[in-house]
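> compute the structure for the input listed below.
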Amino acid sequence: HMRVLGASCRGRRLVRWLSMTRQRVGIVGVGGVGTYFGVRLAEAGHEVEFQLRPGRAIPAALAITSWQGDYRLASPRCVETLSSDLDWILVSVKSTALSSEFLRGAVRPGPRTRVQMLMNGLGAEEVAAELYGPEKIHGGLVYGGFTRGEDGAVAHEGVAAELRGGSFVDDPGELEAARALWAETKITYTPQPCLLQAQWSKLAWNVPFNGLTVAAGGRTVADVWTKDNKHVALALMREVCHVANADLASKAKPLLDADSLVATLAAITDKMAAASYLPSTTLDYIHHRPMEIDSIFAEPLRRARALDLDTPRLDLLANLLLLLQASSSSSDAK
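Below is the predicted model of the structure:
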């Protein structure tokens, strides 16, 4: 008991010490999430550099608006190649852009650099871990609702900005290091003892609602969460939980409490339906952009098949989305 208390005290002291230390952070993916997170870190006193694509104009400032406080970062440090001695690199790109080749070119961590992936779905952390080693990889689930405008400014209009982060190897010490980075920012860091479990818990919502709103023709959550058809979404939630627990069990990870999770997600959906929420995949579909089908739908389906699970709803939805993506791409090409 005394050893546990001692470790806890050391962890708190580490957080206090690191949170008072200016850290060097690189941002890969200067979209809504990358810009917002990078600007908030700079606001808190960290040294932040933003990686821009070659040829992209350097902005005079990066601005964010939020009910949690506006901030304008004048003369941001923008580079084509990140420094090699960073403490953290945050990767916030669409999973449609992610590949080993992309990471090799964009992300070159030094010996002490941690890599925080801010990606939807499954699989991104595995790609990064294979390239850089699993111990330095972090994953994260972003909550908040961030939109990048034509002028580059990012508007935060959703729930309080939160990063539910975890270590790829579920190392408590790594969670303390991550908590310290965000300690003085306006982004709440909520450590996840099991990253994979947290990712599956979010997919239990993303799969039904990102998928069904696209399948319905680009409709809001309210349109697919009605008295007559909410049973479809609930059945998908439970099917995802079934796959999740089989995947977690195969890796000796803690399981989801499916009944509790579905009840919690249903209550959240009631609120999102009232706000006429459009999921990110649906926005991509409406604007004829590539949808994140592989990480949110296809990878869970691949894991289900590898475990010899019967998932008729997930199978149908994933293949329907692939057809819709192909149809949208074909129309754009004409």
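
> can we go C-alpha only for contacts and neighbour counts from here?
Fine.

> run through the strands of the stretch 151-300 of the chain in chain order.
Assigned by DSSP state E, counting those that start in this stretch, the stretch 151-300 of the chain shows strands spanning 154-156, 162-167, 188-191.

> any idea which of the ones you listed gets closest to Ala304?
The minimum distance between Ala304 and the strands of the stretch 151-300 of the chain falls on strand 162-167, with 23.2 Å, by Cα to Cα.

> partners of that closest one in the sheet?
Strand 162-167 sits in its sheet next to strand 137-143 (antiparallel), strand 188-191 (parallel), going by DSSP bridges.

> which outside residues touch the longest one?
This means strand 137-143. Residues outside strand 137-143 that contact it (Cα atoms under 8 Å, 6 or more residues apart in numbering) are 114-120, 125, 128-129, 159-169, 195, 198-199, 202.

> could you give the mean pLDDT of that strand?
For strand 137-143, mean pLDDT rounds to 93.

> how about the CA coordinates for that strand, as CSV?
Taking Å, rounded to 0.1, in the frame of the first residue of the first chain, the C-alpha atoms of strand 137-143 are listed here in CSV:
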residue,chain,number,x,y,z
ILE,A,137,3.3,6.3,-29.3
HIS,A,138,0.2,7.8,-27.8
GLY,A,139,-3.4,7.7,-29.1
GLY,A,140,-6.2,10.0,-28.4
LEU,A,141,-10.0,10.6,-28.8
VAL,A,142,-10.8,14.2,-29.5
TYR,A,143,-14.0,15.8,-28.3
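
> where in the protein is pLDDT low?
The model of the chain has pLDDT under 70 over residues 1-20, 329-334.

> of the contacts of strand 137-143, buried ones?
In terms of neighbour count (16 or more other Cα atoms under 10 Å), the buried residues within those are 114-120, 125, 128-129, 160-169, 195, 198-199, 202.

> okay, and which of the contacts of strand 137-143 map to helices?
Per DSSP state H, helices hold the following members of those: Glu125, Ala128, Ala129, Leu195, Ala198, Gln199, Lys202.

> and the helices in the chain?
Using DSSP H, helices in the chain cover 2-19, 32-43, 100-106, 124-132, 172-182, 195-215, 221-224, 230-250, 258-274, 280-286, 293, 299-306, 312-333.

> nearest to Thr147, out of those?
Of the helices of the chain, nearest to Thr147 by Cα to Cα is helix 32-43, at 5.3 Å.

> centre of the chain versus stretch 253-262, how much separation?
On the basis of Cα atoms, centre = their mean, to the nearest Å, stretch 253-262 sits 20 Å off its chain's mean C-alpha point.

> hmm, Ile187 is touching Val159, no?
No. In this structure, Ile187 is not within contact of Val159 by Cα atoms under 8 Å, at 11.1 Å.

> mind listing what's buried in stretch 89-101?
Here stretch 89-101 shows Ile89, Leu90, Val91, Ser92, Val93, Lys94, Ser95, Leu98 as buried, counting by 16+ other Cα under 10 Å.

> can you pull the contacts of the closest residue in space to Ile286 that isn't next to it in sequence?
Residue nearest to Ile286 in three dimensions, not counting chain neighbours: Gly218, with 6.0 Å by Cα to Cα, 6 or more residues apart in numbering. Contact analysis of Gly218 by Cα under 8 Å, 6+ apart lists Thr282, Leu283, Tyr285, Ile286.

> and the last one, how close does it get to Pro279?
Taking Cα to Cα, to the nearest Å as the measure, Ile286 falls 11 Å from Pro279.

> same check, this time on Val169
Distance of Val169 to Pro279, given as Cα to Cα: 29 Å.

> go on, Asp87?
Applying Cα to Cα, the value for Asp87 to Pro279 is 32 Å.

> about what we covered before: closest one to Thr21 among the strands of the stretch 151-300 of the chain?
Nearest of the strands of the stretch 151-300 of the chain (Cα to Cα): strand 188-191, 17.2 Å.

> what are the contacting residues of the closest one?
Applying Cα under 8 Å, 6+ apart, the contact partners of strand 188-191 are Ala160, Ala161, Glu162, Leu163, Arg164, Gly165, Gly166, Leu175, Ala178, Arg179, Trp182, Ala183.
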